[in-house]
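Q: how does the following fold in three dimensions:
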Amino acid sequence: MSEVAAQPGDVQGLLRLPTRLRWTRAASRLPPLVWDSLPAALLLLNVVTTRAPHEVPVAAALTAALTLPLLWRRRAPLTVFGAIAAAAFAQWLTNIQLPADIALLVALYTVAARSDRRGTLVAATVTQAGVLLACLRWAADGAFLTPFVAATATTVAAAVLGVNVRTTRAYLAALEERAGRLEREQEQQARLAVAEERTRIAREMHDIVTHNLSVMVALTDAALCTQHAAPDRTTAAMHQVSETGRQALTDMRRTLGVLRTDEPDAERHPLPGIAQLEALADQMGAAGLPTRLDVHGGHGHVPATAQLTVYRLVQEALTNTLKHTPAGTRAKVRIQCSAAAVAVDVTDSGPRRPRPAAAPPSGHGIPGMRERSAAYGGTLRAGPLPGGGWEVHTRLRLDGAGASA
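A: As a prediction, this is how the structure comes out:
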């Protein structure tokens, strides 16, 4: 007979379920107190229906004393076991045999399932003592060993079953706690990843906006100064402003494209790297900062992310030079590529006034450069040169140590 799953509210489907399955589902909804009171009711009914009328009062009282404490066995297992053991000893003293003695095994199982090892050992010892006393008084002549072994095996089975339930419950609780801890760690890692990605995007946007706006401002100022004396140079400068603005928009779309799945610009335009430093130097020269670029060693083996870091470091250093030095300043960029590292050195010839010691650092340029350098195990050094000018130097490691850093 196949089982038909009933949907909520489907009365006909529920009626078609097998009788045993319907009873199982109904029984699983009963509270534990109902299950604990059922043995007491059945055993009391047995006493009333099987005992002689003059034996019913004492037998019913002892049965109630043995079974009614089971209603509280889940709340206070040791106390309930003690009460049932006392009732069993009173039963032994009155020399009345009752089927309600099974309540002592139920109490032993509850202690083993809900108490510690010491409590289980004490309860098992008391139960075994009761088994010995019962067999000594009620076993038939010459048949002591068989009932004693059977009752002892039942006692051991009840204790072992309770210990297994307790162990399984502790194991499941440990698994649940571990799953909750792993879920919290995953959420924390996700939040850290989001924060790191926000920091990366903010750093990229700072570099893009600061550099391109600085170049555009310098070109616009130059165009204003030459609009009457050299119209051709003014036109060229404005063309350069337009090109710089388009490049800034492209870089912004590329950076923000990772946030949108339908953004095609990030795929059409590769990330800038060492090969694009020459165009950057030309752009800075057009903005009024003559820049010399020297690249030593091949850079084909350098990862794209490391090349992007080199490009942003040079871009930020040149932008700072353009913003903070007077006209006539010259800059020099030197890139040294090797199998294990990339050295970046940017210097300029402009005069720099030392910052007062009490003045806090402003902007995010140098801190962002330090973060980029630290991502590849490098330490950024930025400061004035002894003979005048400013230097930015770092060394990016390409080996495993640099990646792990």
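
Q: so, low pLDDT: which residues of the stretch 151-300 of the chain?
A: Flagging of the stretch 151-300 of the chain using pLDDT under 70 yields the residue ranges 254-270.

Q: strands of that one, start to end?
A: For the stretch 151-300 of the chain, the strands defined by DSSP state E, counting those that start in this stretch occupy 291-296.

Q: confirm that residue 344 sits in a helix.
A: No - when classified by DSSP: H, G, I helix; E, B strand; the rest coil, residue 344 is found to be strand rather than part of a helix.

Q: how about the secondary structure of the residue lying farthest from the centre of the chain?
A: Note on the chain: the largest C-alpha distance from the chain mean falls to residue 54, namely 69.7 Å (C-alpha atoms, centre = their mean). What three-state DSSP gives for residue 54 is coil.

Q: would you map the helices across the stretch 151-300 of the chain?
A: 231-256, 265-268, 277-286 (DSSP state H, counting those that start in this stretch).

Q: what packs against the last one?
A: The reference is to helix 277-286. Judged by 3 or more C-beta pairs under 8 Å, 6 or more residues apart in numbering; DSSP states H and E, helix 277-286 is in contact with helix 145-226, helix 231-256, strand 291-296, helix 304-324, strand 331-337. In this view, the C-beta of every residue, glycine as well, is placed from N, C-alpha and C.

Q: helices or strands next to the first one in the packing?
A: Right, the one you point to is helix 145-226. In terms of contacts (3+ C-beta pairs under 8 Å, 6+ apart), helix 145-226 is packed against helix 102-114, helix 117-138, helix 231-256, helix 277-286, helix 304-324, helix 365-374.

Q: same deal with the last one?
A: Under the contact criterion of 3+ C-beta pairs under 8 Å, 6+ apart, strand 331-337 touches helix 277-286, strand 291-296, helix 304-324, strand 341-348.

Q: ok, that strand: who's next to it in the sheet?
A: Take DSSP bridges as the rule and strand 331-337 pairs in its sheet with strand 291-296 (parallel), strand 341-348 (antiparallel).

Q: wait, doesn't residue 206 sit right on residue 369?
A: No - taking contacts as C-beta atoms under 8 Å, residue 206 lies outside contact range of residue 369: 10.6 Å.

Q: out of those two, which sits in the more crowded spot?
A: For the pair residue 206 and residue 369, the greater number of neighbours falls to residue 369 (26 against 16), based on other C-beta atoms under 10 Å.

Q: contact partners for the more buried one?
A: Listed by C-beta atoms under 8 Å, 6 or more residues apart in numbering, the contact set of residue 369 reads 312-313, 316-317, 380, 382, 392, 394.

Q: helix, strand or coil for residue 392?
A: Put simply, residue 392 is strand when judged by three-state DSSP.

Q: roughly how far does it sit from residue 382?
A: 5 Å (C-beta to C-beta, to the nearest Å).

Q: so between the two, which is more surrounded?
A: Neighbours were counted for residue 392 and for residue 382 using other C-beta under 10 Å; residue 392 has more, 24 against 16.

Q: who's in contact with residue 165?
A: 112-113.

Q: again, only this time at 7 Å
A: Contact analysis of residue 165 by C-beta atoms under 7 Å, 6 or more residues apart in numbering lists residue 113.

Q: do residue 319 as well
A: Under the criterion of C-beta under 7 Å, 6+ apart, the contact list for residue 319 reads 210-211, 214.

Q: most neighbours among the residues you listed, which one?
A: Neighbours here mean other C-beta under 10 Å. Within the contacts of residue 319, the largest count is held by residue 211, at 27 neighbours.

Q: quick check, nearest of the contacts of residue 369 to residue 343?
A: residue 394 (7.6 Å; C-beta to C-beta).

Q: on that earlier part again, give me the pLDDT for the residue farthest from the centre of the chain.
A: pLDDT recorded at residue 54 is 80.

Q: how much space between it and residue 287?
A: From residue 54 to residue 287 the distance is 117 Å (C-beta to C-beta).

Q: cool, residue 88 as well?
A: Between residue 88 and residue 287 the computed distance is 99 Å (C-beta to C-beta).

Q: kindly report the same for residue 158.
A: 89 Å.

Q: repeat that for residue 199.
A: 28 Å.

Q: what about those two, which has more around it?
A: Comparing residue 199 with residue 287 by other C-beta under 10 Å, the one with more neighbours is residue 287, at 26 against 12.

Q: the more buried one contacts residue 322, correct?
A: Yes - with contact defined as C-beta atoms under 7 Å, residue 287 counts as touching residue 322 (6.2 Å).

Q: so what sits against both of those two?
A: Counting by C-beta under 7 Å, 6+ apart, the common neighbours of residue 287 and residue 322 are residue 218.
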